[in-house]
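>>> prediction below, plus the sequence it came from.
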Amino acid sequence: MDKLKRVLSGRDAEEPSGLAEVIDATSLGWGTRVKGFIACFAIGCLCSLLGSCLLWVPKKGLMLFAVFYTLGNIASIGSTLFLMGPMKQLKRMFEPTRLIATIVMLLCLILTLCSAFWWRKEGLALLFCILQFFALAW
């Protein structure tokens, strides 16, 4: 069966190298990719929804919202890694047309968590959450 795959893919003249074997062994099938995408996307949506519900908790609500909203965005972005693959995702994110939006979004993700955990500034965390939304929409 492997010989047939090599012939059909045009690699019958050469034996697969060690790196090619590792890549073939670690690549995911389409069904697994779709399941991973759905799972990560659902976790991302659940975290964002949970953060929105926790917004109304007295005293710590805004902080919890910022943390769960950020974790939801990270999980949602991670879900597309399953469909495209990590290297293709990174190449697309850092294309010249998307570079500014990517940098702003990543910076806002980090600054949201910093303002929530270390600086303890709720207003700043909310501002960075709003900027995350606009950077993702951009």
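Nice, I can see it. Numbers count the residues shown, from 1 in each chain.

>>> these two touch, right, residue 80 and residue 37?
Yes - taking C-beta atoms under 8 Å as the definition, residue 80 is a contact partner of residue 37 at 7.1 Å. Glycine gets a C-beta too; all of them are placed from N, C-alpha and C.

>>> neighbours of residue 63, how many?
20 (other C-beta atoms under 10 Å).

>>> ok, now residue 74?
Using other C-beta under 10 Å: residue 74 sits among 17 other residues.

>>> next: residue 112.
25.

>>> tell me the spacing between it and residue 131.
Counting by C-beta to C-beta, to the nearest Å, the gap from residue 112 to residue 131 is 8 Å.

>>> go on, residue 68?
Taking C-beta to C-beta, one finds residue 68 at 17 Å from residue 131.

>>> more neighbours: which of these two?
Neighbours per residue, other C-beta under 10 Å: of residue 68 and residue 131, the larger number sits with residue 68, 20 against 17.

>>> now name the helix or strand holding that one.
In the assignment (DSSP states H and E), residue 68 maps to helix 61-84.

>>> output that helix as CSV, restricted to C-alpha atoms.
Output of helix 61-84 as CSV, limited to C-alpha atoms (Å, rounded to 0.1, in the frame of the first residue of the first chain):
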residue,chain,number,x,y,z
GLY,A,61,-16.4,40.2,37.4
LEU,A,62,-14.5,42.4,35.0
MET,A,63,-11.3,40.6,35.7
LEU,A,64,-12.9,37.2,35.1
PHE,A,65,-14.4,38.5,31.9
ALA,A,66,-11.1,39.7,30.6
VAL,A,67,-9.4,36.4,31.4
PHE,A,68,-12.1,34.1,30.0
TYR,A,69,-12.6,36.3,26.9
THR,A,70,-8.9,36.2,26.2
LEU,A,71,-8.7,32.5,26.7
GLY,A,72,-11.7,32.1,24.4
ASN,A,73,-10.0,34.1,21.7
ILE,A,74,-6.8,32.1,22.0
ALA,A,75,-8.7,28.8,21.7
SER,A,76,-10.7,30.1,18.7
ILE,A,77,-7.5,31.2,16.9
GLY,A,78,-6.0,27.8,17.8
SER,A,79,-8.9,26.0,16.2
THR,A,80,-7.8,27.2,12.8
LEU,A,81,-4.4,25.6,13.3
PHE,A,82,-6.2,22.2,12.9
LEU,A,83,-7.6,23.2,9.5
MET,A,84,-4.6,24.9,8.0
